[in-house]
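Colleague: Okay, sequence plus prediction incoming.
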Amino acid sequence: MKKGIANLTVGDKFEGFLLINDATKGTTSNGKPFLTLMLRDESGEIESKLWDATKEDEENLVGEQIIHVTGDINQFRGKNQLRIHSIRLSQETDQVQVSDFVGKAPVGKEELGEKLTEAIFEMKNPTLQRIVRGFVKKYQHELLIYPAAAKNHHDVASGLAYHIVSMVGVARQLHELYPSINKDLLYAGIILHDIGKIKELSGVVSTTYTLEGKLLGHITIMVEEIAEMAKELQVEDKEEVLILQHLILSHHGKAEWGSPKPPMVKEAELLHLIDLIDAKMNMLDKALDKVQPGEFTERLFAMDNRSFYKPSFE
């Protein structure tokens with residue numbers, strides 16, 4: 001089992017530095033102020049309550065501040081919490097920085113960039129290839145550092161590119177099994193399906209939703225951007241553009257999951273399924289890393305609130 005705040009178990013003691021992801025003010029039933037702190041390191045995050053919070057605490061303990069904490073792990077409503085014994089802001093002499101506390105994809109951004117380029121080179125359809133190249137060039141910096149989500153799956157630095165590259169790997173294997181798949185269309189849908197998150201999410205540290213993200217969402221953002229890119233490249237009348245927009249619109253699969261349209265093209269259905277596989281495997285790996293063989297994970301909200309068992313055999 002990996003070390004880190006998200007991997008500690010009930011009764012474990014903790015002493016070290018953590019990053020405040022988010023701080024929310026609250027009041028107890030008898031009128032005393034407290035803070036709910038979401039704290040993180042590279043392994044993930046944990047909730048903590050600071051009781052009897054002072055005005056000074058409220059001013060100093062805010063998002064993206066690094067703190068030194070001692071405490072122990074207890075459980076509340078089935079979820080681990082850090083019970084704070086002592087807390088202070090980090091100082092320059094502690095030699096810690098925000099980037100130390102942000103989880104990173106297991107593959108470096110240079111390698112992810114190379115794998116994206118390889119996938120684009122495999123594409124033969126000139127319209128789809130030009131559109132994808134246009135977006136990779138437009139967002140070349142953000143694409144390689146952004147997470148794929150604020151929480152749940154691939155919520156780490158370079159998580160977006162890692163998610164895309166993993167999905168391309170699945171698509172490549174499926175194309176060998178089912179040669180009738182239009183690989184260029186599927187690749188284009190995979191590479192572009194979540195790029196709208198660059199505008200939907202605030203960034204790598206303390207990731208939240210932007211105003212555009214809350215009001216429009218990454219699907220709507222990307223459908224509009226594809227139309228603009230196609231016009232810029234003077235290919236707006238090509239059928240590929242319309243079908244590619246459909247892949248983006250339908251990749252969540254159902255209206256209740258956020259897609260305005262269900263998949264109505266074979267590659268759209270496949271994009272949705274590959275996206276589900278990669279997201280779920282990432283969430284399960286992350287949760288199972290925190291438990292010992294023979295134990296269950298905590299309930300996973302994004303997996304229908306199920307707990308998953310880690311078998312004790314290999």
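Modeller: Everything's here; your move.
Colleague: so how many other residues sit close to Ser206?
Modeller: Other residues within reach of Ser206 by the criterion other CB atoms under 10 Å amount to 19. (Glycine included, C-beta is placed from N, CA and C.)
Colleague: Not counting its neighbours along the chain, what's nearest it?
Modeller: Setting aside the residues directly before and after it, Ser206 is nearest to Gly63 in space (CB to CB, 6 or more residues apart in numbering), at 4.7 Å.
Colleague: name the element the one you found belongs to?
Modeller: Per DSSP states H and E, Gly63 falls between elements, in no helix or strand.
Colleague: list the contacts for it?
Modeller: Neighbouring residues of Gly63 by CB atoms under 8 Å, 6 or more residues apart in numbering: 20-23, 206.
Colleague: helix or strand right after the strand ranked longest in the chain?
Modeller: Taking residue count as the measure and DSSP state E as the definition, the longest strand of the chain comes out as strand 13-27. In the C-terminal direction, the helix or strand that comes right after strand 13-27 (DSSP H and E) is strand 33-41.
Colleague: The helix or strand that that next one is followed by - contacts with which helices or strands?
Modeller: As assigned by DSSP H and E, the chain's next helix or strand after strand 33-41 is strand 44-51. Under the contact criterion of 3 or more CB pairs under 8 Å, 6 or more residues apart in numbering; DSSP states H and E, strand 44-51 touches strand 33-41, strand 66-76, strand 79-89.
Colleague: Now do strand 44-51 against strand 79-89, angle only.
Modeller: The directions of strand 44-51 and strand 79-89 differ by 70 degrees, with axes from the mean of the first three to the mean of the last three CA atoms, to 10 degrees as the criterion.
Colleague: how deep is the closest residue to Thr36 other than its chain neighbours tucked in, by neighbour count?
Modeller: Ranked by CB to CB, 6+ apart and with sequence neighbours excluded, the top spatial neighbour of Thr36 is Thr24, at 4.5 Å. The tally of other residues near Thr24 (other CB under 10 Å) stands at 9.
Colleague: thought Thr24 was touching Leu35?
Modeller: Yes: with the criterion set as CB atoms under 8 Å, Thr24 and Leu35 qualify as a contacting pair; they are 7.0 Å apart.
Colleague: can you tell me how far the residue nearest to Thr36 sits from Phe34?
Modeller: Shown here: Thr24 relative to Phe34, a distance of 10 Å by CB to CB, to the nearest Å.
Colleague: can you check Ile131 too?
Modeller: 51 Å.
Colleague: Can you pick out the residue with more neighbours from the two?
Modeller: Taking Ile131 and Phe34 together and counting by other CB under 10 Å, Ile131 has the greater number of neighbours (25 against 17).
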